[in-house]
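Q: requesting a structural model of the entry that follows:
(chains A and B)
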2 protein chains.
Amino acid sequence: MMSIPSLPSAKAIQVDTRGALILEEESPETRDSRGIYLPNYVEPVSHIAVDIGGSLAKVVYFTRSPDHPRSPSITATRGSPSTVSLSHVSTPTSLSPESHDMPISSSSPSNHARNVNGALTPAVLDQNGTNGHVINRPPSLSDTTFQDSLLRRVSVQHLPGGSLNFERFETEHIDECIEFIETLIERSAQFNHVTIDEMRKSVKIMATGGGAHRFYERFTNELHVPVHREDEMECLIEGLKFLSLIPDEVYYFSDELIDKVSHGKPVLNGVNGVFERPSPDPPKYAVSFESHPTPQLPCLLVNIGSGVSIIKVDEDGSFERVSGTSLGGGTLWGLLTLLTPATNFDEMLALSEKGDNATVDMLVGDIYGQDYGRLGLKSTTIASSFGKVFKKDGKKVNFSAEDISKSLLYAVSNNIGQIAYMNAEKYNLDRIYFGGCFIRGHAATISTLSYAIRFWSKGTKRALFLRHEGFLGAIGAWIKNIGEADAS
Amino acid sequence: MMSIPSLPSAKAIQVDTRGALILEEESPETRDSRGIYLPNYVEPVSHIAVDIGGSLAKVVYFTRSPDHPRSPSITATRGSPSTVSLSHVSTPTSLSPESHDMPISSSSPSNHARNVNGALTPAVLDQNGTNGHVINRPPSLSDTTFQDSLLRRVSVQHLPGGSLNFERFETEHIDECIEFIETLIERSAQFNHVTIDEMRKSVKIMATGGGAHRFYERFTNELHVPVHREDEMECLIEGLKFLSLIPDEVYYFSDELIDKVSHGKPVLNGVNGVFERPSPDPPKYAVSFESHPTPQLPCLLVNIGSGVSIIKVDEDGSFERVSGTSLGGGTLWGLLTLLTPATNFDEMLALSEKGDNATVDMLVGDIYGQDYGRLGLKSTTIASSFGKVFKKDGKKVNFSAEDISKSLLYAVSNNIGQIAYMNAEKYNLDRIYFGGCFIRGHAATISTLSYAIRFWSKGTKRALFLRHEGFLGAIGAWIKNIGEADAS
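A: Below you'll find the model as predicted:
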């Protein structure tokens, strides 16, 4: 089905990632929270990791699933069968312009009902009553939250191995996150035939992100389990080191395709024969997955959540937060909340796909009537984001939500790309990893960040992305506990 | 009245700036367009310079005014008498929190009516009919535009010397700019007792900025005078070299005051004893003027118009546009047009002064509940601009126009400051000049840019500002013609 690459041993990471597989995607909403199957890892202790940021709380936990997952199909992992291979590096997956998500698995829907199990280790799991139904669901949970979540989990019954599972909540509704973890512990007690008090003794919470401090008392008091707080940056780096060794986890906007857009056969625009910016049309957004990962240090990690942290990581894993910007996902979300009818981040991204930023942005051509050739500025280069929006003779002009969304997505992405590039240049780093919940596998975001790095570095540096982009911190917190357990 | 500093000879600049004086300010709206009196300069040719950007067209022209201006009072040039000197470097002028403009001159209003003269060189001027009335005003001009403009001009009657005059138009209304120049030429013909055709033979237009290309045909066809196009970046640098030698032109947020805010006596906020950000309260916004200027190269020039250009200038005056960002004045203006009832840039700036960004921005304290001490991030640091704006349970929350304006002003200014700093660091430049019509002498903008440079450079680099910040390009275009005339 899939060759298991022989990975170099990664001493800094205690989790055995040999043979790791990314499990099938169940729905577009979970494209960044697909389980990761680790056939060679057996968890010594039960713990749940949570990374609480300004906008989102991310949860990671391990469930034993000793059988090789039934259908971690090559289709799910490597792209839909209709995708034509456009480069020789790995197998690119086309991100459809209609859907900004990774291709949806072609596996049968019946799989969903089968994979119902939210139980933690340590004991062998009891499958009774799990065939499509959740038993003993606490009445305090909403009708759909927990069941939906469990329906997305993947785990089966025998040792060894298991899966990492991923869940996301809004920090504003931290109650739901706490209830989810509570239910996870309760269910684990049931499956393991122990009392809830006994279960609590063998479970702990690894908490990171700003909310680990802000909500420390609540987690401790409401869950009745030990809560360990871990440094946010340390967790991000641990998460990155782990994820970058998972086959088909890392992807990038293919160099060849950027070349084609920026240097190759011209896509004419108007009469000046200048090149277009990357557009949502395939194949210009195709990405390549890294199926044979190698250690990725040194690198720069740009974590884009509500705000942006930029972290330099040395070859030995030591790191420093060297920069950041307050113009991040929260800025895009906040401004588009005020300016568009979209009610969530994905709706805003969907709007942006239909937009044309040239109605809103002032381009070089709008100012010069042509290229500013002496500076190498093309007429299509954005000179001023939102520069065309002003009241004409005191009257408000209406701009479409689509155009506004696209302009702002470009503005925020370009700006992050530029600041990231400058830091990569300063510290002489060629690999720039972008993580955080801002990206969401969104084609325009990925290509804009890639294009910005390509543009500013003149092709010498590469933007790299991760399927589990939003879970670096939570995975890192989960891993840090493994290290502690080994050390003790 | 005022000592004339002995300036080092500036070989690259042909205009004799010895004894230059900045003339009184006539109204808050013209605080950045006050005339500059040059007692030792006699113009060899008549020309008008225009710099047409994405949003604004800036006009510079010289008028003979052989008498020393009647009241270039020390008050107007150096700040209001009520200002207390807070540092030993030059004499600081306090920017009032209620008005974002430079102090208004205390001279008598009757001066306005006296200084009515829009005539160009070369002949000695006739004062007939200029006593408060504009003669032969073309009917095509609006009732107020030209008269208002002339009321703001300063010029008197004998050789030698004269004044540089400054005017600003919206690029959207380029007609008004062309009409203004046309009238200037017509009036000059009248004063010099020559026909309009003869006058046109001795006048030329020096045009720069993107609009020099976009509107070239219109200027040529409608004004019937030669139009010379000059490179935008070259003009900016020429303008900077000229202006930075004018006494009391350059100003900066005093180091001592930044020290007081960032390292000195703490201004406690909450229980953690952290320092406040600079706030609009004096003396934290006081600036110092450079009364004894010295050559300022090498330096970095950050020109903030609709978009932002960042130019490295070497000691010998050679230069390169090394960076830029599309997040500039047009972005602030455009977004606030969509988000607030303000109808012009100054109204938006006024709104921002009454706002509190903490209702809109997600601060480090909002995420952590405290400082993130390990990274040196204070609880008041902005983690995510607009990060607090999102629909609560699908409902829109209303935010005040004031708070939104302040948040966006901070976001754009901080971002420009950060990118400017990174370029200054890369090229090892300690002086960072900020020019362009974005700044408008606005206290919050100046202090935010200054604070950003101070913060990122750990106090090693200085943000510098110019009274005629928006006219660098136009002044440079005016000067370039002087050089050409000398060379020919």
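Q: pLDDT on the helix or strand hosting residue A:406, on average?
A: Using DSSP states H and E, the element containing residue A:406 is helix A:401-426. The pLDDT scores in helix A:401-426 average 94.
Q: again with stretch A:328-347
A: With pLDDT averaged residue by residue, stretch A:328-347 scores 91.
Q: please name the nearest non-neighbouring residue to residue A:162.
A: residue A:64 (4.0 Å; Cβ to Cβ, 6 or more residues apart in numbering or on different chains). C-beta coordinates here come from the backbone N, C-alpha and C atoms, glycine included.
Q: could you look up the SS state of the residue of the stretch 51-200 of chain A found nearest chain B?
A: Of all residues in the stretch 51-200 of chain A, residue A:54 sits closest to chain B, at 4.4 Å by Cβ to the nearest Cβ. The three-state label given to residue A:54 by DSSP: H, G, I helix; E, B strand; the rest coil is coil.
Q: my read is that it contacts residue B:362, right?
A: Yes: using Cβ atoms under 8 Å, residue A:54 is in contact with residue B:362, at 4.9 Å.
Q: what is in contact with these two at once?
A: A:306, A:307, A:330, B:383, B:384, B:387 (Cβ atoms under 8 Å, 6 or more residues apart in numbering or on different chains).
Q: farthest-apart pair in these, please.
A: Every pair in the shared contacts of residue A:54 and residue B:362 was compared (Cβ to Cβ); the two farthest apart turn out to be A:330 and B:383, at 7.8 Å.
Q: got any residues that touch both of these two?
A: If you check residue A:330 and residue B:383 against Cβ under 8 Å, 6+ apart, the residues they both contact are A:54, A:306, A:307, B:362.
Q: OK, contacts around the first one?
A: The one in question is residue A:54. Contacts of residue A:54 by Cβ under 8 Å, 6+ apart are A:171, A:210, A:305, A:306, A:307, A:330, B:362, B:366, B:367, B:383, B:384, B:387.
Q: in strands, which of the residues you listed fall?
A: Under the assignment DSSP state E, the contacts of residue A:54 contribute B:362, B:383, B:384 to strands.
Q: report the buried members of those.
A: B:362, B:383, B:384 (16 or more other Cβ atoms under 10 Å in any protein chain shown).
Q: and which of those residues is nearest residue A:458?
A: Of those, the one sitting nearest to residue A:458 (Cβ to Cβ) turns out to be residue B:384, at 30.9 Å.
Q: just to check, that closest one is in contact with residue A:330?
A: Yes: contact criterion Cβ under 8 Å: residue B:384 and residue A:330 qualify, at 3.3 Å.
Q: poorly predicted segments of the stretch 151-300 of chain A, please.
A: For the stretch 151-300 of chain A, the stretches flagged by pLDDT under 70 are A:151-161, A:254-286.
Q: can you rerun that using 90?
A: A:151-166, A:172, A:185-194, A:198-199, A:201-203, A:210, A:213-214, A:246-249, A:251-296 (pLDDT under 90).
Q: count the residues that sit near whichever residue of it sits closest to chain B.
A: Here the stretch 151-300 of chain A gets closest to chain B at one residue, residue A:210, 3.2 Å apart by Cβ to the nearest Cβ. Neighbourhood size, residue A:210 [other Cβ atoms under 10 Å in any protein chain shown]: 26.
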